[in-house]
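*Asks:* Here is my input, please return the structure:
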Amino acid sequence: MRFAFIMGEIASGLRRNLAMVISVVLVTFISLTFVGAAGLLQLQINQMKGFWYDRVQVAVFLCVENSTSPSCAAGPVTDEQRNEIRTKLESDDLSQYVDTVVYESQDEALVHFRNQLANSPIVDSVTADQLPESFRVGLVNAEQYEVINEAFSSQSGVDLVRDQREVLEPVFSAMNLASLGALAIAVVMSIGAVLLIATTIRLSAFSRRRETGIMRLVGASKAVIQLPFVLEGVIAAAVGAAIASATLWVVLRFGGDWLSREYPEMGFISAQDVLLLIPLLFLLGVVLAGISSLLTLRRYLKV
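*Replies:* Residues are numbered from 1 along each chain as shown. Okay, the predicted model is just below:
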């Protein structure tokens, strides 16, 4: 009997404030979508770091005619210097740090340059003798770049030692900023959702003040009187969380598949990763709605 009464009160409240309830659902949906997007971006960043850092290399660039580093004062790298650098890279002293060593000639560097900058207007003006030959060093542990840097930065014939993570870090930093931006928007929208929930509960309590007065007179408990109002906000927030979860899953399901086909060499998160966030989205929506409803009832519904 009590359960049927509570459910009837919830249905009545939702009907009376349908427009406000729809607004709560939409704002909750948008805010939780941004929360989910921020979480998915962070998962993507972590996966890409794991994917690329396992493949990152240290490039040991050799001296060319126009090199300006002190170790290139004698001019372009000689055959003797090149062989000495290769021998050192393959020595037992560095074997615990070095996984692979690949030599790239100036002609090969030009081919890679033209592939990477195919649409650049300068691509035809660059010649092989302007590009440095190099050794591409794969490390056992990508964090041990400094070992190679210290061993070769002042070596004769070596122009520059570069950790390719330096190229990736700006990309990851931009993605982190995008994640923080999505989270900031989510916070603003969540505040809007809380205020809308509070307004909806306040209007619902005001429109049913006669019923609540009668319930107080007949001895209804505080929980029985307040529970329908709280559940109205929770239900609206749960519906918004469900729509946000479904939206994120659809976007990642089809958008992720497209990206995986277009860029097979990249590592992308899958739609299954959304399942990790769905409980969090529901919990966040329900908690925000519940707290907002309870605080509003304490102020506007005296029991």
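*Asks:* Go through the helix or strand harbouring residue 45 and flag the buried ones.
*Replies:* Using DSSP states H and E, residue 45 falls within helix 18-53. Neighbour counts over helix 18-53 (16 or more other Cβ atoms under 10 Å) mark 20-21, 23-45, 47-49, 52 as buried. Bear in mind the C-beta positions are built from the backbone N, C-alpha and C, glycine included.
*Asks:* ok, the following helix or strand past that helix: who's next to it in the sheet?
*Replies:* From helix 18-53 onward toward the C-terminus, using DSSP H and E, the following helix or strand is strand 57-62. Here strand 57-62 is paired, per DSSP bridges, with strand 134-139 (antiparallel), strand 158-163 (antiparallel).
*Asks:* Let me have those strands in JSON lines, extended by mean neighbour count and mean pLDDT.
*Replies:* Below are the strands paired with strand 57-62 laid out as JSON lines (neighbours: other Cβ atoms under 10 Å; pLDDT from 0 to 100):
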{"stretch": "strand 134-139", "mean neighbour count": "20", "mean pLDDT": "87"}
{"stretch": "strand 158-163", "mean neighbour count": "20", "mean pLDDT": "87"}
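*Asks:* For residue 90, the count of nearby residues, please.
*Replies:* 12 (other Cβ atoms under 10 Å).
*Asks:* what does the one 5 residues further on give?
*Replies:* Taking other Cβ under 10 Å as the neighbour definition, residue 95 ends up with a count of 11.
*Asks:* how about it, phi and psi?
*Replies:* Here is the backbone geometry of residue 95 (degrees, to the nearest 10): phi -60, psi -30.
*Asks:* Over to the one 5 residues further on?
*Replies:* When read as degrees, to the nearest 10, the backbone of residue 100 gives phi -140, psi 150.
*Asks:* roughly how far apart are it and residue 136?
*Replies:* 8 Å (Cβ to Cβ, to the nearest Å).
*Asks:* Tell me the secondary structure at residue 74.
*Replies:* coil (DSSP: H, G, I helix; E, B strand; the rest coil).
*Asks:* That one touches residue 156, doesn't it?
*Replies:* Yes. Counting by Cβ atoms under 8 Å, residue 74 touches residue 156, with 7.1 Å between them.
*Asks:* Where does pLDDT dip in the stretch 151-300 of the chain?
*Replies:* 167-169, 171, 203-227, 256-257, 259-268, 297-300 (pLDDT under 70).
*Asks:* What residues are bridge-paired with residue 103?
*Replies:* residue 135.
*Asks:* if I pick it, what's in contact with it?
*Replies:* Counting by Cβ atoms under 8 Å, 6 or more residues apart in numbering, residue 103 makes contact with 86, 133-136.
*Asks:* hang on, the earlier thing: report the distance from the helix holding residue 45 to the chain centre.
*Replies:* 9 Å (Cα atoms, centre = their mean, to the nearest Å).
*Asks:* what angle do that helix and strand 134-139 make?
*Replies:* Interaxial angle, helix 18-53 versus strand 134-139 (axes from the mean of the first three to the mean of the last three Cα atoms, to 10 degrees): 110 degrees.
*Asks:* Check which helices and strands helix 18-53 is in contact with.
*Replies:* Identification of packing neighbours for helix 18-53 by 3 or more Cβ pairs under 8 Å, 6 or more residues apart in numbering; DSSP states H and E yields helix 165-207, helix 222-250, helix 274-300.
*Asks:* Which of the residues in the last one are classified as buried?
*Replies:* Under the neighbour-count criterion of 16+ other Cβ under 10 Å, helix 274-300 has 274, 277-278, 281-282, 284-286, 288-290, 292-293, 296-297, 300 buried.
*Asks:* quick one: which of the residues you listed is nearest to residue 197?
*Replies:* Taking Cβ to Cβ as the measure, residue 292 is the one of the buried residues of helix 274-300 closest to residue 197, at 4.4 Å.
*Asks:* Contacts only, for the closest one.
*Replies:* With Cβ under 8 Å, 6+ apart, residue 292 has these contacts: 194, 197-198, 201, 233.
*Asks:* just checking, residue 134 touches residue 59?
*Replies:* Yes. In this structure, residue 134 is within contact of residue 59 by Cβ under 8 Å, at 5.1 Å.
*Asks:* quick one: residue 83 from residue 103, how far?
*Replies:* Taking Cβ to Cβ, one finds residue 83 at 11 Å from residue 103.
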